[in-house]
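Engineer: Predicted coordinates and the sequence they were generated for:
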Amino acid sequence: MDLSISFTGDSPKYVQIYEEIKQAILSKKLMADEQLPSKRTLAITLDVSVHTIKEAYEQLLAEGYIYSKERSGYFIAPFEFEWEQQQKHHISTAKASTTYTIKFDFNNGHVDKEAFPFSSWHKLLKKHFNVDNLTTSPWQGEAILRTEIARYVERSRGVTCEASQVFIYSGTQNQLQALCHFFGPKAQVGLEDPGFKRVHATLQQCGLTTHAIPVDNSGVTIPKKSIHMLYTTPAHQFPLGMVMPVERRAALLQWATTEKAYIIEDDYDSEFRYKGLPIPSLAKMDQLQRVIYFGTFSKTLIPSLRISYMILPKSLVEAFTHFNQEQKSVVSKIDQLVLADFIAQGLFDKHLAKMRTIYRKKQQTLLAAINAHFSNEFEVIGEKSGLHIVMKLPKRLSEQEAIKLAQEEGIQVYPCSTSYQHNSEHAMVIIGYGGLSLEQIQESIALLATVWQSFETF
């Protein structure tokens with residue numbers, strides 16, 4: 001790898017190295033599974049300390065750009081390119097980015113940035129931005145934040161736990177990697193099909209065997225294969241959006257108990273439910289310590305706040321802690337302390353209430369616009385919670401054609417097919433509305449209806 005950097009005084013050297021390698025990965029100068037130089041080799045090449053290279057690699061590792069192999073070193077993560085290849089099979093992403101100017105982006109990961117509580121966050125940031133907090137955190141995370149998260153999940157999701165069971169990470173992918181290393185490469189993991197492609201890629205990078213578990217109208221089905229863990233999104237299945245009913249949750253817990261397996265409950269989008277009362281989390285219903293609970297602040301606050309958390313059953317805490325005793329936290333200490341105060345002072349609950357109102361209005365506006373402009377041959381599914389819906393297309397309109405027509409109008413919608421490990425029976429697109437204004441939703445849906453409904457096959 002040819003890496004030369006002209007360091008500037010604008011940011012720490014490890015950040016500049018991290019940025020340089022990241023850009024090389026994104027631009028494909030570094031390809032999937034290509035090995036990076038050892039920390040010592042790169043330190044000599046760039047005339048910096050080994051510690052500087054270590055910090056750069058750890059940040060890349062935390063964000064999923066690279067992966068590590070024991071005694072072998074660091075390698076470029078392949079999942080981004082796998083996704084791009086899937087996209088190219090359906091549409092040309094390169095063409096989309098260079099030919100079309102996107103005005104309305106229905107990315108399901110986008111949030112309403114204008115609603116972020118800048119004033120209160122800034123006050124807390126000023127409070128904690130001092131010389132005493134310029135150190136790293138304990139690998140498990142700041143105790144005060146773990147305590148506040150334990151209190152929050154108990155009052156919001158009914159999950160009873162102690163701070164010692166809470167582990168802080170920089171994202172779902174990061175904590176999933178930690179679990180992979182803990183359980184080892186012989187672990188067999190069941191994944192929802194369809195489901196998060198990035199989860200599938202992460203598990204494979206770690207050397208674990210994955211099994212596609214079908215999804216029905218109640219969410220993931222009871223596994224028929226012998227597996228050690230099952231990854232599921234019961235609060236708002238991704239991407240199809242169904243909410244798992246209590247009966248299916250109880251059946252999964254019974255399966256886990258009988259098989260001595262663990263359920264990884266990714267409580268994705270649980271904060272945003274628009275119809276009915278919240279359904280109890282699997283972790284709340286779990287009486288026999290079979291559920292590992294995942295949560296994040298990327299949707300409730302902002303994606304750039306890289307803080308997520310994992311809650312382990314008490315029976316795993318001691319072994320997991322011992323296994324990771326040499327690890328180092330990659331989450332900002334200052335961000336952790338600010339978030340802990342934000343929760344403790346009631347500001348997070350207040351912000352959540354505000355965001356539920358905002359997103360409910362967006363959801364209602366989206367559905368009203370669809371009802372007003374689309375015919376019944378276009379079906380909406382997964383609309384009861386979360387920040388996205390899935391639209392099932394009529395047989396005359398393929399997923400590729402729908403995306404291309406939308407892009408020509410300056411609208412970006414996303415394929416559902418890339419979430420499947422097997423082929424989908426229906427052409428569907430994902431429409432995320434969290435990052436668009438009410439006016440943008442109305443305008444873009446009217447445009448989509450015009451171009452999609454006027455499309456004819458010849």
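Structural biologist: Alright, I've got the coordinates. These figures come from a predicted structure and were not determined experimentally. Residues are numbered from 1 along each chain as shown.

Engineer: From now on I want contacts and neighbour counts done on CA atoms only, so please keep to that.
Structural biologist: Will do.

Engineer: give me the low-pLDDT residue ranges for the chain?
Structural biologist: Along the chain, segments meeting pLDDT under 70 span 1-2, 10, 63, 79-99, 276-277, 456-458.

Engineer: in it, which residue is closest to the centre?
Structural biologist: Computing the C-alpha centroid of the chain and ranking residues by CA atoms, centre = their mean puts residue 172 first, at 5.8 Å.

Engineer: tell me the contacts of it?
Structural biologist: Taking CA atoms under 8 Å, 6 or more residues apart in numbering, we find residue 172 in contact with 294-296, 308-309.

Engineer: Please render those residues as CSV that adds distance to residue 137 and neighbour count to the earlier fields.
Structural biologist: As requested, those are exported to CSV (distance: CA to CA, whole Å; neighbours: other CA atoms under 10 Å):
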residue, distance to residue 137, neighbour count
294, 20, 23
295, 19, 21
296, 18, 23
308, 15, 20
309, 14, 23
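
Engineer: Among those, which are located in strands?
Structural biologist: With strands identified by DSSP state E, the entries of the contacts of residue 172 that belong to them are 294-296, 308-309.

Engineer: Distance to residue 118 for those - can I get that in TSV?
Structural biologist: Output for the ones in strands among the contacts of residue 172, formatted as TSV (distance: CA to CA, whole Å):
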residue	distance to residue 118
294	26
295	23
296	19
308	20
309	23
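
Engineer: and the longest strand for the protein?
Structural biologist: In the chain, with assignment by DSSP E, the single longest strand is strand 209-216.

Engineer: Tell me the buried residues in that one?
Structural biologist: With burial defined by 16 or more other CA atoms under 10 Å, the residues of strand 209-216 counted as buried are 209-215.

Engineer: Check stretch 304-312 too.
Structural biologist: Along stretch 304-312, the positions that meet the burial threshold by neighbour count (16+ other CA under 10 Å) are 305-312.

Engineer: repeat for stretch 441-458
Structural biologist: Within stretch 441-458, the residues that count as buried by 16+ other CA under 10 Å are 441-442, 444-449, 452-453.

Engineer: hang on, the earlier thing: any idea which of the buried residues of strand 209-216 is closest to residue 101?
Structural biologist: Compare each of the buried residues of strand 209-216 with residue 101 using CA to CA and the shortest gap goes to residue 215, at 35.5 Å.

Engineer: could you check the distance from that closest one over to residue 279?
Structural biologist: Residue 215 is 19 Å from residue 279, where distance means CA to CA, to the nearest Å.

Engineer: same thing with residue 257?
Structural biologist: If you measure residue 257 against residue 279 using CA to CA, the figure is 21 Å.

Engineer: Also residue 419?
Structural biologist: Residue 419 is 25 Å from residue 279, where distance means CA to CA.

Engineer: Give me the more crowded residue out of those two.
Structural biologist: Taking neighbours as other CA atoms under 10 Å, residue 419 and residue 279 compare with residue 419 leading, 22 against 16.

Engineer: Need the phi and psi values for the more buried one.
Structural biologist: phi -90, psi -10 (degrees, to the nearest 10).

Engineer: Am I right that it is in contact with residue 194?
Structural biologist: Yes. Taking CA atoms under 8 Å as the definition, residue 419 is a contact partner of residue 194 at 5.0 Å.

Engineer: got any residues that touch both of the two?
Structural biologist: Taking CA under 8 Å, 6+ apart as the contact criterion, the residues that touch both residue 419 and residue 194 are residue 239.

Engineer: which non-adjacent residue is nearest residue 58?
Structural biologist: Spatially, and ignoring its direct neighbours in sequence, residue 58 is nearest to residue 330 (7.2 Å; CA to CA, 6 or more residues apart in numbering).

Engineer: what's the neighbour count on that neighbour?
Structural biologist: 23.

Engineer: now do residue 235
Structural biologist: Burial of residue 235 is recorded as 28 neighbouring residues (other CA under 10 Å).

Engineer: how about it, what does it touch?
Structural biologist: Contacts of residue 235 by CA under 8 Å, 6+ apart are 242-244, 267-270, 279, 281.

Engineer: Adding secondary structure and distance to residue 415, write the residues you listed out as a markdown table.
Structural biologist: Output for the contacts of residue 235, formatted as a markdown table (DSSP: H, G, I helix; E, B strand; the rest coil; distance: CA to CA, whole Å):
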| residue | secondary structure | distance to residue 415 |
| --- | --- | --- |
| 242 | coil | 18 |
| 243 | coil | 21 |
| 244 | coil | 23 |
| 267 | coil | 23 |
| 268 | coil | 19 |
| 269 | coil | 20 |
| 270 | coil | 23 |
| 279 | coil | 28 |
| 281 | coil | 29 |
